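K.L.:
give the three-dimensional model of this entry:
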Amino acid sequence: MTQARGIRVLVWGENHHEKHDEVPRRLYPDSMHETIAAGLRSLLGPDIVVDTATLDDPEHGLSAERLEQTDVLFWWGHVRHDAVDDAVVERVHRAVLAGMGLVVLHSGHFSKIFIRLMGTTCSLRWRQGDDRELVWTVSPTHPIAAGVPHPIVIPAQEMYGEFFDVPAPDELVFVSSFSGGEVFRSGMTFSRGRGRIFYFSPGDQDYPVYHQPEIQRVLANAAGWAFQDRPRDLPHLAMHRTGEFDTPREWNGEALA
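P.N.:
Numbers count the residues shown, from 1 in each chain. Predicted coordinates for the structure are as follows:
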């Protein structure tokens with residue numbers, strides 16, 4: 001995959017389990033978000049800026065100024081979705097519609113921002129256990145699948161299964177199967193406004209998934225795919241009167257000014 005230049009990536013992490021739970025502290029002594037960021041830095045190269053932010057930062061680390069300087073936002077959350085301020089969700093939502101890329105990871109499917117962008121419950125089936133997960137590439141020519149083995153083998157992972165209540169994706173890139181027989185659409189792309197969104201499910205806090213090189217490759221590819229090198233701008237509609245062309249505006253049969 002051709003590496004994009006000048007991408008500014010921000011990895012957002014809830015950073016709760018690493019502070020309070022023994023297993024995530026042991027698996028991710030530098031935190032999950034820093035582990036994800038380190039993998040991106042190693043694969044995307046020195047010309048790519050990768051920063052991190054957490055829930056406990058002022059404005060959750062997602063001020064208007066910081067989002068303006070972010071090309072692709074990665075989002076990992078789990079047990080504190082409700083603690084994310086609605087004003088920040090609105091800010092991120094507008095940034096995505098204007099063209100910022102968003103990569104939502106694992107239990108981020110229940111984040112306020114993902115639910116808002118999808119317009120559905122985003123619920124799914126799950127089972128906490130040492131399931132083997134096989135991540136199968138179903139769109140081998142997609143940029144996010146470049147250099148990714150088929151399948152990715154995750155020796156132990158939380159099971160996510162269908163039905164996953166999200167809209168039909170623009171593209172289905174990965175499908176996972178589990179040792180219990182379940183399947184799951186584990187890698188999907190969406191577009192909202194001018195923004196590109198990728199959801200990728202592997203990455204429970206109790207397993208060292210983000211240390212796997214194959215997973216790091218998927219995330220690096222996703223950053224390059226979600227990046228768009230063009231000015232940020234919210235989509236808008238306008239009425240134009242040009243020559244003989246007239247687009248009237250009416251409400252209940254009455255013309256509006």
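K.L.:
list the buried residues for whichever strand or helix holds His93?
P.N.:
With elements taken from DSSP states H and E, the one containing His93 is helix 86-98. The neighbour-count check on helix 86-98 (16 or more other CB atoms under 10 Å) flags 88-89, 91-98 as buried. (C-beta placed from N, C-alpha, C; glycine too.)
K.L.:
next: stretch 14-25.
P.N.:
By neighbour count on 16+ other CB under 10 Å, the buried set for stretch 14-25 is 14-18, 24.
K.L.:
contacting residues around the nearest residue to Arg194 once chain neighbours are set aside?
P.N.:
Nearest residue to Arg194, sequence neighbours excluded (CB to CB, 6 or more residues apart in numbering): Gly99, at 4.0 Å. Going by CB atoms under 8 Å, 6 or more residues apart in numbering, Gly99 touches 193-195, 228, 230-233.
K.L.:
do that again at 6 Å, thanks
P.N.:
Each residue near Gly99 by CB atoms under 6 Å, 6 or more residues apart in numbering is listed here: 194-195, 228, 232.
K.L.:
any idea how far it is from Gly119?
P.N.:
Noted for Gly99: a distance of 20 Å to Gly119, by CB to CB, to the nearest Å.
K.L.:
check His106 too.
P.N.:
21 Å.
K.L.:
burial of Gly129, as a residue count?
P.N.:
Gly129 has 12 neighbouring residues, counting by other CB atoms under 10 Å.
K.L.:
give me phi/psi at the residue nearest to Leu124 when sequence neighbours are not counted?
P.N.:
Spatially, and ignoring its direct neighbours in sequence, Leu124 is nearest to Phe164 (4.5 Å; CB to CB, 6+ apart). Torsion angles at Phe164 (phi, psi; degrees, to the nearest 10) stand at phi -100, psi 110.
K.L.:
just checking, Phe164 touches Ser123?
P.N.:
No - taking contacts as CB atoms under 6 Å, Phe164 lies outside contact range of Ser123: 7.8 Å.
K.L.:
can you give me the helices in the stretch 1-150 of the chain?
P.N.:
For the stretch 1-150 of the chain, helices defined by DSSP state H, counting those that start in this stretch occupy the ranges 17-20, 22-27, 32-44, 64-68, 86-98, 112-118.
K.L.:
whoops, I mixed them up, the stretch 151-257 of the chain
P.N.:
213-226.
K.L.:
can you pull out the low-pLDDT segments for it?
P.N.:
235-257 (pLDDT under 70).
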